[in-house]
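> just need the structure, nothing else, for what follows:
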Amino acid sequence: MEPTKAGFTPQSSSGECLEASMFSRDSSMPANDGFVEEPRRAGGPKLCELPSVFYRSILSEEFPPQDISAIAKKWGIKIITLYVGEFGPRFDLSKEAVPTSRLRAPKESKECWLGAAREIYELLCENGLHFISVEILDQVFRYQHLYLAA
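Numbers count the residues shown, from 1 in each chain. Coordinates of the predicted model:
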């Protein structure tokens, strides 16, 4: 499998990250695609409220961790951890958990997060995993979630 199939060019000729708004024009996804950029995270199309609770892992042979790593590297994002699971808001356990591919990364690469999240989500969709959202989260959230037994 190739690292990416979408054909994105995340960096300009000078090596700088493209603006997320520029990326959305080049992408097949519209600008109102549910992706958001917040001070400590970026992603979509549906994100769990923070702080969150980790409910369970999602196991799928179709999940492409190497391709996700290649996309992150292309965007200049150093992945610290990669979780694939269901996350729910810690203070409102009545809300439905959100299946999410969560990457923790240093904030230094934050200007690239939104575009990278869109590209990773497109890759997941190409692999039949459209129900899994993508979240790139600042590394300061190392211990921000709890683990609950399923």
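> please count neighbours and contacts with C-alpha atoms only from this point.
Noted.
> what packs against the helix or strand where Cys125 lies?
Per DSSP states H and E, Cys125 falls inside helix 113-126. Other helices and strands packing on helix 113-126, by 3 or more C-alpha pairs under 8 Å, 6 or more residues apart in numbering; DSSP states H and E, are helix 20-26, strand 41-44, helix 65-74, strand 133-138.
> that helix to strand 133-138, inter-axis angle?
With axes from the mean of the first three to the mean of the last three C-alpha atoms, to 10 degrees applied, the angle from helix 113-126 to strand 133-138 works out at 150 degrees.
> and helix 113-126, what's buried?
Buried residues in helix 113-126, counted by 16 or more other C-alpha atoms under 10 Å: Trp113, Leu114, Gly115, Ala116, Ala117, Arg118, Glu119, Ile120, Tyr121, Glu122, Leu123, Leu124.
> out of the helices and strands packed on helix 113-126, which gets nearest to Glu86?
strand 133-138 (9.9 Å; C-alpha to C-alpha).
> pick the one among the buried residues of helix 113-126 closest to Lys73.
The closest of those, once distances to Lys73 are taken by C-alpha to C-alpha, is Ala116, at 9.6 Å.
> quick one: that closest one from Glu96, how far?
26 Å (C-alpha to C-alpha, to the nearest Å).
> do Ile77 as well
29 Å.
> more neighbours: the two, which one.
In this view Ile77 and Glu96 are compared by other C-alpha atoms under 10 Å, and Ile77 has more residues nearby, 24 against 12.
> may I have the phi/psi pair for the more buried one?
Phi and psi for Ile77, reported as degrees, to the nearest 10, are phi -110, psi 120.
> same question, Glu38
Torsion angles, degrees, to the nearest 10, at Glu38: phi -120, psi 170.
> so what's it bridging to?
Arg41 (DSSP bridges).
> gap between it and Ile136?
Counting by C-alpha to C-alpha, the gap from Glu38 to Ile136 is 10 Å.
> more crowded one of these two?
Using other C-alpha under 10 Å as the criterion, Glu38 and Ile136 rank with Ile136 on top: 27 against 10.
> that one contacts Cys112, correct?
No: look at Ile136 against Cys112 with C-alpha atoms under 8 Å: they stay out of range, at 10.1 Å.
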